[in-house]
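Q: sequence plus predicted model, see below.
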Amino acid sequence: MAERLLASTNQMRLSTAVFLTVVVLIVLVLITTSGFLLSQGLSARNKPSNFEYAIANRALAISIPSNAKTAQNPLQQTSDILTGAKKEFVDHCAVCHAEDGSGKTETARGMSPEVPDLHADHIQKLTDGELFYIIKNGVRFTGMPAWDFPDDRIWSLVALIRELPKSYPTK
């Protein structure tokens with residue numbers, strides 16, 4: 001009987017310790033978050049920190065389904081495909097990404113997080129399937145919308161993104 005009472009008391013102490021630890025962690029997160037918000041706010045003029053970028057990039061990476069990551073562009077990369085994609089890009093994407101894909105536009109200047117330079121290694125290292133998924137579904141909490149284009153139009157944009165560093169080499 002004494003052993004049961006002792007075991008029950010130890011179990012209650014452990015439960016209390018776990019509960020208090022969780023409460024303290026939640027309070028620390030709330031204090032840190034509110035301190036951040038009070039000091040910097042949510043203004044788009046404040047660029048995200050490297051920590052925020054790391055969290056956002058990781059969240060994006062894990063949000064893309066594995067079958068989407070492995071998808072291959074079914075289109076042959078012809079001059080006709082690229083010409084049509086360039087028109088789509090200028091009509092729909094260049095307002096933020098610029099015609100050369102650099103992301104240096106008047107609209108992009110006011111966005112946070114920043115519009116990515118499509119020539120950048122971390123963009124060019126994305127698989128065709130990842131690029132397709134991002135264009136088709138957009139990226140929440142950024143300015144990247146989801147596009148309801150037919151799949152072949154999106155695949156042509158993926159092909160164009162692959163060509164941007166060749167067509168517009170960075171200086």
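A: Happy to help now that I have it. Remember, it's a predicted structure, so these values are computed and weren't measured experimentally.

Q: wait, doesn't residue 46 sit right on residue 112?
A: Yes - between residue 46 and residue 112 there is a contact at 6.9 Å, judged by C-beta atoms under 8 Å. Just so you know, the C-beta spots here come from the backbone N, C-alpha and C atoms, and that holds for glycine as well.

Q: between those two, who's got more neighbours?
A: Legend: neighbour count by other C-beta atoms under 10 Å for residue 46 and residue 112, higher for residue 112 (15 against 11).

Q: what about the more buried one, helix or strand, and which?
A: When elements are assigned from DSSP states H and E, residue 112 belongs to no helix and no strand.

Q: kindly report the same for residue 134.
A: Secondary structure from DSSP H and E places residue 134 in helix 128-137.

Q: mind giving me the packing neighbours of that helix?
A: Counting contacts by 3 or more C-beta pairs under 8 Å, 6 or more residues apart in numbering; DSSP states H and E, helix 128-137 packs against helix 66-69, helix 151-167.

Q: can you get me a residue count around the residue lying closest to residue 65 once chain neighbours are set aside?
A: Sequence neighbours aside, residue 133 is the residue nearest to residue 65 in space, at 7.5 Å (criterion: C-beta to C-beta, 6 or more residues apart in numbering). As a burial measure, residue 133 scores 23 neighbours (other C-beta under 10 Å).

Q: do the one 3 residues further on as well
A: As a burial measure, the neighbour count of residue 136 was computed by other C-beta under 10 Å and equals 17.

Q: quick one: it from residue 167, how far?
A: Separation of residue 136 from residue 167 (C-beta to C-beta, to the nearest Å) stands at 23 Å.

Q: ok so, going back, next up, the contacts around the residue nearest to residue 65.
A: For residue 133, the contacting residues are 64, 65, 68, 69, 71, by C-beta atoms under 8 Å, 6 or more residues apart in numbering.

Q: and which of those is nearest residue 51?
A: Using C-beta to C-beta, the shortest approach to residue 51 within those belongs to residue 64, at 21.4 Å.

Q: wait, isn't the closest one in contact with residue 132?
A: No - look at residue 64 against residue 132 with C-beta under 8 Å: they stay out of range, at 9.8 Å.

Q: compare those two (neighbour count), which wins?
A: Neighbours per residue (other C-beta under 10 Å) separate residue 64 from residue 132, with residue 132 holding more: 22 against 18.

Q: buried ones in stretch 151-164?
A: Buried residues in stretch 151-164, counted by 16 or more other C-beta atoms under 10 Å: 153, 154, 155, 156, 157, 158, 159, 160, 161, 162, 164.

Q: Throw these into CSV and include pLDDT and distance to residue 99, thanks.
A: Shown next, in CSV, are these (pLDDT from 0 to 100; distance: C-beta to C-beta, whole Å):
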residue, pLDDT, distance to residue 99
153, 97, 18
154, 98, 19
155, 98, 20
156, 98, 16
157, 98, 13
158, 98, 17
159, 97, 16
160, 97, 11
161, 97, 13
162, 96, 16
164, 94, 10
